[in-house]
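Enquirer: Build me a model from this:
(one chain, ligands or ions: 2)
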Amino acid sequence: MVELDIRYCDKCIVKKSYNNDYIKQQRKKSEWELFKHKARCKVQYAIRSGKIKREKCKIRDCDVLAEAHHEDYSQPYNVVWLCKQHHTEYHSKVLA
Ligand SMILES: [Zn+2]
Ligand SMILES: [Zn+2]
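Expert: Ligands and ions are numbered 1, 2, ... in the order given. As a prediction, this is how the structure comes out:
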């Protein structure tokens, strides 16, 4: 997929500069958080700029406008559409 022109949100920029001289043991975790955040950020930006269309929840009989869930954060545009409720349920099941 063509890489979009991404302007990261303030949180990304702050975290990025913060990362440079961040303590090493905390760094791995924050890098992973940043990685995940960037994927979400990219989707948000793509939705706002009309490159990706926000879809409805993929759960059967659920007709709510969804948010993007990532199975694989290294593929930011490969998303599963789940509404807030089903998204939360999904994560609580997966992480349980
Ligand atoms: Zn998710
Ligand atoms: Zn749903």
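
Enquirer: Can you tell me the element the most centrally placed residue in the chain falls in?
Expert: Centroid-nearest residue in the chain, with CA atoms, centre = their mean: residue 40, separated by 2.1 Å. Assigning secondary structure by DSSP states H and E places residue 40 in helix 24-48.

Enquirer: In that helix, which residues are buried?
Expert: By 16 or more other CB atoms under 10 Å, the buried positions in helix 24-48 come out as 34, 37-46. For glycine as for every other residue, the C-beta is placed from the backbone atoms N, C-alpha and C.

Enquirer: Can you name the residues of this structure sitting close to ligand 2?
Expert: Applying CB under 5 Å from the ion, we find that the chain lies next to ligand 2 at 57, 59, 62, 83, 86.

Enquirer: can you put these in CSV and add neighbour count?
Expert: Output for these, formatted as CSV (neighbours: other CB atoms under 10 Å):
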residue, neighbour count
57, 20
59, 17
62, 13
83, 19
86, 19
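
Enquirer: Show me which residues of stretch 54-69 are buried.
Expert: 57, 59, 66-69.

Enquirer: Quick one: mark the members of the residues you listed that sit in strands.
Expert: 67-69 (DSSP state E).

Enquirer: Among the residues you listed, which one sits closest to ligand 2?
Expert: Of all those, residue 67 has the smallest distance to ligand 2: 9.8 Å, by CB to the ion.
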